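Visitor: Here is a sequence with its predicted model. Questions after.
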Amino acid sequence: MRLKPARAVLAALTVGLAGCDFRAETGFVEIKKSFAGLAVGDTLVLNSVIIDLGARSSLVVQQPIGTASIQLKHGETSRKLCEFAVRTNRVVTVTLTLANGTLRCSVQS
Amino acid sequence: MIDWFILSQPRLSLARSICAVLLCTAAVAITPVRAAENGPSSPAAATAPSTPLNDFRSRLGDVRKSLEGVNERIEEKAKTIESLSRPDAAKQQVEELQALISQTLGLVADNGEIAKLGARALGYARSKQEQMRSDTKFTPPERQALQKRWDQNVAEMVKATDDLAKASEEFALLLKTVQTRGDYAAEVLEVENADEMVRVVRNLAGDVRGASEGLKLFIQSLTPPQS
C-alpha cells in the first residue's frame, strides 16, 4: 500500500511537531550594584531592555539563552560594559562597581 | 429538496459556515441565560471585580501554593540525591534539580509576570492614595477613613513586592549553590574520581535541605495584601 504524499507530509509533520518543545530555553542574570546610583541621564540596558535597579542593590531577570550584554546608555551614546553567556537553567552574576567615576562590570557564571 | 442532499463541495462549505454562524448565535444567546441562572449568590458573581490589586492578590496566592509544592519536590530530590551511588545518576539528579529551581525562579524573577502585576498593583494603590489626599467629594471623616485604608494598602503592597524580590534572591542563591556543586562534581568526574563526585553531590543534599527550610519559613511569611 502506497502512502499518499499529503498523508506522508502530515504524518511527518505530526511526528516532527510531537518532538518539539515550544518553550524557549532560558537562564537567569543576577545584576548586583555596589554604588548608590547612576549619573543623571545614564541608563543600564540588558540586551535591549532598560534595567531599573531603583533603590535595590540587586535583581534577577530571566533571559533567553545565548550571548547577552550590559550597556550604559546616555542619550544617543551607548557603551558596552560587559558581554556574557546565559546558559540553560543557570544563573550568571554580573556585578557593577564604580571606580574613579567609571562604571565597571565583572561576570561570574 | 433532493438538491440539498447532493450538495457539491462549495455548497457543503457554505452549509458548514451557516451551521457555524448558527452555533455561535446560539452560544451568544445562551450566555446571558446562564449568567442569569448563576444568579447574584453564585461564587462567580460573588468574585471581586478585576482591579490590579485583586489580580495581584489572587496571583500571589497561586504563586505561594506553587512555591509550597516546589519546596516539597526540592526536599524529595534532596532525599534521592543522598541515596545515590552512581555518578551518572548523580549528574542527572543535579540537572533535574536545577530545572526545578529554575522553573520556580522564573515565577518570581523581577521580569516575571507576578513582578509586573505587583508593580501595576502598587502603582494603582499609590494613585488611589493620591486621589484620596486631593479628594473634595467626601466628608473629612470619610476621606480620612479612606486615606487610612489606602495608606495601609500601599504599605502592604510594598511589603509584598519586597517579599517577592527577596524570594527571587533566595532562589537565585539556591540555584547558584546547586550549579556550583554540579560544576565541581563534573570536574571531579572528569578526573575520574567517581566516589568523590558522589560524595560532593551528597553534600549538596544537605545544602538544599538547609535552603529548603529557610524557604519554608519565608513562604509562610509571604502574605498577599488584604483588601
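Guide: Received, thanks.

Visitor: Show the contacting residues for the residue nearest the centre of chain A.
Guide: Nearest to the geometric centre of chain A sits A:Gln63, at 3.9 Å (CA atoms, centre = their mean). Residues near A:Gln63 by CB atoms under 8 Å, 6 or more residues apart in numbering or on different chains: A:26-29, A:46-47, A:86. Yep, even glycine has a C-beta here, placed from its N, CA and C like the rest.

Visitor: so it sits in a strand?
Guide: Yes. Assigned with DSSP: H, G, I helix; E, B strand; the rest coil, A:Gln63 falls within a strand.

Visitor: Tell me what it is bridged to.
Guide: When bridges are called by DSSP bridges, A:Gln63 pairs up with A:Gly27.

Visitor: ok, and does stretch B:177-197 reach over to chain A?
Guide: Yes. Stretch B:177-197 comes into contact with chain A (CB under 8 Å from any CB of the partner chain), by way of B:Gln179.

Visitor: ok so, going back, and of the contacts of A:Gln63, the nearest to B:Gln92?
Guide: A:Gly27 (19.0 Å; CB to CB).

Visitor: before we move on, back to that, mind putting the contacts of A:Gln63 in a markdown table, pLDDT included?
Guide: Below are these laid out as a markdown table (pLDDT from 0 to 100):
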| residue | pLDDT |
| --- | --- |
| A:Thr26 | 95 |
| A:Gly27 | 96 |
| A:Phe28 | 97 |
| A:Val29 | 97 |
| A:Leu46 | 95 |
| A:Asn47 | 93 |
| A:Val86 | 97 |
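
Visitor: would you list those in TSV and tack on neighbour count and distance to B:Leu117?
Guide: As requested, these are exported to TSV (neighbours: other CB atoms under 10 Å in any protein chain shown; distance: CB to CB, whole Å):
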residue	neighbour count	distance to B:Leu117
A:Thr26	19	19
A:Gly27	23	23
A:Phe28	27	19
A:Val29	26	21
A:Leu46	17	21
A:Asn47	16	23
A:Val86	22	24
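
Visitor: mind giving me the domain split of chain B?
Guide: Here the domain assignment for chain B is B:9-47, B:51-221, based on automatic domain parsing.

Visitor: hey, which of those is tucked in deepest?
Guide: Highest mean neighbour count among the domains of chain B (mean count of other CB atoms under 10 Å in any protein chain shown): domain B:51-221, with a mean of 17.

Visitor: what about that domain, start to end distance?
Guide: Length of domain B:51-221, first residue to last, CA to CA, to the nearest Å: 24 Å.

Visitor: Check the residue nearest the centre of chain B and give its pLDDT.
Guide: For chain B, the residue nearest the mean C-alpha position is B:Val63 (3.7 Å; CA atoms, centre = their mean). According to the prediction, B:Val63 has pLDDT 79.
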